[in-house]
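A.B. asks: Here's a sequence, model it:
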Amino acid sequence: MPEADAKGVEETSYQLNHYLPCQASAADIAKETAARQQDKAAHRLDKTAHLLDRTAHLLDKIVHRLDKTVH
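C.D. replies: Just a heads-up that it's a prediction; the model follows:
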């Protein structure tokens, strides 16, 4: 095997052993980050829904008291 071919094989081997795991871990990090962002967004939506329910309840109480005052 000529020296240039051996160097090419060595370089390819290095790339496979070094860059592919880095790319795989970067993909794992991206997936984990996306999952965390989704969890945070879901939590914010839950909090917003709770606040909207509470606001609706308080508005119902206000309307009920106004009805009592008017009648």
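A.B. asks: what about the strands in this protein?
C.D. replies: Assignment of strands within the chain using DSSP state E yields no ranges at all.
A.B. asks: Name the spans of this structure whose pLDDT lies under the cut-off.
C.D. replies: Counting by pLDDT under 70, the chain contains low-confidence residues at 1-8, 20.
A.B. asks: Swap in 80 and give it another go.
C.D. replies: Judged by pLDDT under 80, the chain has its weakly predicted residues at 1-24, 71.
A.B. asks: And the residue nearest the centre of it?
C.D. replies: In the chain, the residue lying closest to the centroid (CA atoms, centre = their mean) is Gln37, at 2.1 Å.
A.B. asks: Please report how far that one lies from Lys31.
C.D. replies: Here Gln37 is placed at a distance of 11 Å from Lys31 (CB to CB, to the nearest Å). C-beta: built from backbone N, CA, C; applies to glycine.
A.B. asks: again, but for Leu52
C.D. replies: 31 Å.
A.B. asks: And His57, by the same measure?
C.D. replies: Distance from His57 to Lys31, by CB to CB: 39 Å.
A.B. asks: next one: Leu59
C.D. replies: From Leu59 across to Lys31, the span is 42 Å (CB to CB).
A.B. asks: Equivalent analysis for Leu58, please.
C.D. replies: Separation of Leu58 from Lys31 (CB to CB): 41 Å.
A.B. asks: same check, this time on Asp39
C.D. replies: Here Asp39 is placed at a distance of 13 Å from Lys31 (CB to CB).
A.B. asks: Kindly report the same for Thr48.
C.D. replies: From Thr48 across to Lys31, the span is 26 Å (CB to CB).
A.B. asks: Then Val9?
C.D. replies: Relative to Lys31, and taking CB to CB, Val9 is found at 32 Å.
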